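Q: sequence first, predicted model second:
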Protein chains: 2
Amino acid sequence: MRHNAVMLELAILGFLHDAPLHGYELRKRIAALTGHVKPVAESTLYPAIKRLEKAGLLARRTQPGAGAAPRHVLTLTPEGQAELRRRLAHPADVDITDENRWFTVLAFLRHLDDPPAQAEVLERRMAFLRQPSSFFYEGDRPLRAEEVEDPFRRGILTIARATGQAELSWLRRTLDTLRAATDD
Amino acid sequence: MRHNAVMLELAILGFLHDAPLHGYELRKRIAALTGHVKPVAESTLYPAIKRLEKAGLLARRTQPGAGAAPRHVLTLTPEGQAELRRRLAHPADVDITDENRWFTVLAFLRHLDDPPAQAEVLERRMAFLRQPSSFFYEGDRPLRAEEVEDPFRRGILTIARATGQAELSWLRRTLDTLRAATDD
DNA sequence: CGACAATACATCGTTGTCGATGTATTGCGT
DNA sequence: ACGCAATACATCGACAACGATGTATTGTCG
């Protein structure tokens, strides 16, 4: 399965878990979620829907369209719900490390509906954020922010550090409440 | 030109602007820059090098390999340098909005070597960060962070806000110094 | 001495992505 | 009356990405 596809499919499954939708509405919700960062083309969405339908993860009912062409209202099948949970519980490494994908996972993580499993996913992100990332090297030696002359490269390090801190503190808070919920 | 390709090619051109390198070394530098977030496969890099060579943006000299197979040492041609500057001065919208691509642009923005043009690029990023992004909707109404029940979705909003603030303050500082440099 | 990692590149087939284009309807502005 | 935007979906071709696999050499560890 190609990489972006995974996230697009996750978004489709995730939105359909909330409520049955037709393709056009799905498109708008996906645009709201990730569109300002990286828009998804129509000609990418519809084939993705077909793939999922072919795999038995969703079913379509054709309705006379209010407005224009007939709508295909899409519903998650039980297999689709199981697959959604499977994907949320065990995201690929890239889905943890790439911010865009991570946000997509987060957007639907509540569907996992299992605090310990949710905590496990958050912990993977935490482990990733904690390992010191070095963007630039001089030979083999990683350069620290202070050693980087270029202001733009320093910016990368400054921003990465600040955002890492912000997310880590959110992760710690959320993990605490998740664990508290489990201990009851 | 496909989307990811743009960024990979920018990284190749950017690294070669610093110094001639062979493919394998290029691969390692790219891995250091973006690999922890989203690794690039070997079988993606070598075709990209070929594309750029075919377009006359870089030249290769074959050297007897210290270690293994003969090395192809890659050098930027004058057209390659011009193209690098062109791409840095006028990145596509996605390169501004997608954090991964934006970081790649930042990593090489110094090669633009023209403070007003650099400031222009930073301003585009600033404009993007300032426009309020709403990830979730209830019908047509965008939901604010406080209205979102789901803790994970709240996390997205919390993190996005914090990182946006951090980056904005860096942008303001850097733009000030860029403008001060221009006023001399 | 033999295995294995690292160096260094290349090719191939599958699959996803995207822009372009097409079709058809409703409704709004002018 | 006419066009244009929005709704709603579909197809096609070009191309990039990637995993798998191959080739060949040097250095290292046990």
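A: Yes, it's here. Numbering: from 1, shown residues only, chains lettered A, B, ... in the order given.

Q: show me where chain A has strands.
A: Secondary structure of chain A, counting by DSSP state E: strands at A:21-22, A:58-63, A:71-76, A:137-138, A:141-142.

Q: neighbours of the closest residue to A:Pro151 other than its chain neighbours, just the number please.
A: Excluding its sequence neighbours, the residue lying closest to A:Pro151 (C-beta to C-beta, 6 or more residues apart in numbering or on different chains) is B:Thr174, at 5.9 Å. (Each C-beta comes from the backbone N, C-alpha and C, glycine too.) Residues near B:Thr174, counting by other C-beta atoms under 10 Å in any protein chain shown, number 19.

Q: what sits against B:Thr174?
A: A:Pro151, A:Phe152, A:Gly155, B:Leu122 (C-beta atoms under 8 Å, 6 or more residues apart in numbering or on different chains).

Q: from these, which is closest to A:His22?
A: B:Leu122 (40.8 Å; C-beta to C-beta).

Q: distance-wise, check that closest one relative to A:Leu52.
A: 40 Å (C-beta to C-beta, to the nearest Å).

Q: do the same with A:Leu129
A: Distance, A:Leu129 to A:Leu52, using C-beta to C-beta: 31 Å.

Q: and if you look at A:Phe135?
A: Distance from A:Phe135 to A:Leu52, by C-beta to C-beta: 37 Å.

Q: what of A:Val37?
A: Taken as C-beta to C-beta, the span from A:Val37 to A:Leu52 is 23 Å.

Q: with A:Leu106 instead?
A: Taking C-beta to C-beta, one finds A:Leu106 at 21 Å from A:Leu52.

Q: same question for A:Arg27.
A: Counting by C-beta to C-beta, the gap from A:Arg27 to A:Leu52 is 14 Å.

Q: what's the neighbour count on A:Thr177?
A: Applying other C-beta under 10 Å, we find 12 residues neighbouring A:Thr177.

Q: which residues sit in contact with it?
A: Counted by C-beta under 8 Å, 6+ apart, A:Thr177 has contacts B:Pro151.

Q: just the mean pLDDT for the longest helix along chain A, thanks.
A: Longest helix of chain A, by residue count under DSSP state H: helix A:151-183. For helix A:151-183, mean pLDDT rounds to 93.

Q: again, but for stretch A:72-83
A: 95.

Q: then stretch A:40-59?
A: In this model, stretch A:40-59 has a mean pLDDT of 95.

Q: which residues touch that stretch?
A: With C-beta under 8 Å, 6+ apart, stretch A:40-59 has contacts from A:5, A:8-9, A:12-13, A:16, A:23, A:26-27, A:30-31, A:34, A:60, A:74-77, A:79-80, A:83.

Q: how far out from the middle of the chain is that stretch?
A: Centroid separation between stretch A:40-59 and its chain, computed with C-alpha atoms, centre = their mean, to the nearest Å, is 17 Å.

Q: is it in proximity to DNA strand C?
A: Yes - on the criterion C-beta under 7 Å from any atom of the strand, stretch A:40-59 is in touch with DNA strand C at A:Val40, A:Ala41, A:Glu42, A:Ser43, A:Thr44, A:Pro47, A:Ala48, A:Arg51.

Q: tally up the residues packed near the third one, please.
A: Using other C-beta under 10 Å, A:Glu42 has 10 neighbouring residues.

Q: next: the second one.
A: For A:Ala41, the neighbour count with other C-beta under 10 Å is 8.

Q: over to it: give its phi and psi.
A: Phi and psi for A:Ala41, reported as degrees, to the nearest 10, are phi -70, psi 150.

Q: on that earlier part again, and the contacts of stretch A:40-59, which of them are in helices?
A: A:5, A:8-9, A:12-13, A:16, A:23, A:26-27, A:30, A:79-80, A:83.

Q: for stretch A:47-65, which residues meet the burial criterion?
A: A:Ala48, A:Ile49, A:Arg51, A:Leu52, A:Glu53, A:Leu57, A:Leu58, A:Arg60 (16 or more other C-beta atoms under 10 Å in any protein chain shown).

Q: hang on, the earlier thing: quick one: the residue nearest to A:Pro151 from DNA strand C, how far?
A: According to C-beta to the nearest atom of the strand, to the nearest Å, B:Thr174 stands 30 Å off from DNA strand C.

Q: domain ranges for chain A?
A: A:3-88, A:115-183 (automatic domain parsing).

Q: how far away from the center of its chain is the longest one?
A: Between the mean C-alpha point of domain A:3-88 and the mean C-alpha point of its chain there is a distance of 14 Å (C-alpha atoms, centre = their mean).
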